[in-house]
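Q: Would you be able to build a 3D model of this:
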Amino acid sequence: MNRRLTPAEMDELLGAYALDAVDADEREQIEHYLEENPRARAEVTEHREVAAMMSLVGGQAPDGLWDRIADELGPDPTGAVPQLRLLPVDDKPKTSRRWWEVALGSVAAAAIALLGLTVVHQGHRIDDLEAATSKDAVVVGAAEAMTDPNAHLTSLTTRDGATMADVVVQPNGQGYLVPRTMPTLASDRTYQMWGVIDDEVISLGVLGNEPSVSAFHTDPRVKTIMITDEARGGVPVTQQTPVSQGDLV
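A: This next block holds a predicted model:
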């Protein structure tokens, strides 16, 4: 029977326990410890959740991870080079804990945390991909609408006759704005698009200070499209003179 572990030592081994990297005697002691320690149970659960996510996501560990783990372990006082591997429970050595087994407990938690960051970063890349795909879909939609023989088109022009953007609206009210020459506004300003039905002016959306191809939906009765320069966030009712406008034909 190995010596009894102290609570501090068991805390150090929680990461290794979550990775099934402790021997049978340590496992038994840690499991008794977990029964009486909710904080330790929660920590083990977090480690296992991250490890499970990594198994689902796949891919390699972050560059340099294992080198950082080796650096953290430091040299063996005996000069031996440890061969770290996960063993089935029945195959794990029954000898007393060696120097690197003690270090592995704390290092395992750090390794899991680093792997968790990879999951987060991959999630961000997925979000970026979804955003790019959505943008591409808007561009494709605008191109298809432009070739729809039943769609209504207009060019939004300034008082000087310059074309700021093209607008297309399909019979179902689905519309697209395709900028041409829309100068970038200050960060506290935004372009806002409006539709005119008889004498009523309704907001069709805020475009930001540097618009890209944008989708919107409008009442099919709208015959005139206008763009105004508004305070960031837009307004429910405009008091501004349009910077450009056009009539749908």
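Q: host element of Thr45?
A: helix 38-57 (DSSP states H and E).
Q: all strands of this structure, in order?
A: Counting by DSSP state E, the chain has strands at residues 152-157, 163-169, 174-179, 189-197, 200-208, 214-217, 224-231, 244-247.
Q: now the ones you listed in a markdown table, with mean neighbour count and mean pLDDT?
A: Backbone N, C-alpha and C define where each C-beta goes, glycine included. Output for those, formatted as a markdown table (neighbours: other CB atoms under 10 Å; pLDDT from 0 to 100):
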| stretch | mean neighbour count | mean pLDDT |
| --- | --- | --- |
| strand 152-157 | 18 | 94 |
| strand 163-169 | 22 | 93 |
| strand 174-179 | 22 | 92 |
| strand 189-197 | 21 | 95 |
| strand 200-208 | 17 | 93 |
| strand 214-217 | 17 | 91 |
| strand 224-231 | 20 | 96 |
| strand 244-247 | 19 | 95 |
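Q: CSV please, covering these and showing distance to Arg4.
A: Shown next, in CSV, are these (distance: least, CB to CB, whole Å):
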stretch, distance to Arg4
strand 152-157, 79
strand 163-169, 75
strand 174-179, 71
strand 189-197, 67
strand 200-208, 64
strand 214-217, 67
strand 224-231, 68
strand 244-247, 80
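Q: nearest to Ala21, of the ones you listed?
A: Checking these against Ala21 by CB to CB gives strand 200-208 as the closest, at 51.1 Å.
Q: what angle sits between that closest one and strand 174-179?
A: Interaxial angle, strand 200-208 versus strand 174-179 (axes from the mean of the first three to the mean of the last three CA atoms, to 10 degrees): 50 degrees.
Q: Strand 200-208 pairs with which strands, parallel or anti?
A: In the sheet, strand 200-208 lines up against strand 189-197 (antiparallel) (DSSP bridges).
Q: Report the angle between the strand it pairs with and strand 224-231.
A: With the same axes, to 10 degrees defining the directions, strand 189-197 sits at 150 degrees from strand 224-231.
Q: In this structure Thr154 contacts Ala165, no?
A: No. Taking CB atoms under 8 Å as the definition, Thr154 is not a contact partner of Ala165, at 9.4 Å.
Q: contacting residues around Met182?
A: Neighbouring residues of Met182 by CB atoms under 8 Å, 6 or more residues apart in numbering: 164-165, 191, 210-211, 227.
Q: could these go into TSV alongside distance to Gly246?
A: Output for the contacts of Met182, formatted as TSV (distance: CB to CB, whole Å):
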residue	distance to Gly246
Met164	9
Ala165	9
Tyr191	14
Glu210	21
Pro211	15
Ile227	9
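Q: quick one, domains of the protein?
A: 7-128, 152-247 (automatic domain parsing).
Q: which stretch in those domains has the least confidence?
A: Lowest mean pLDDT within those: domain 7-128, a mean of 62.
Q: Arg180 against Met164, yeah?
A: Yes. Applying CB under 8 Å as the test, Arg180 and Met164 come out as touching, 6.2 Å apart.
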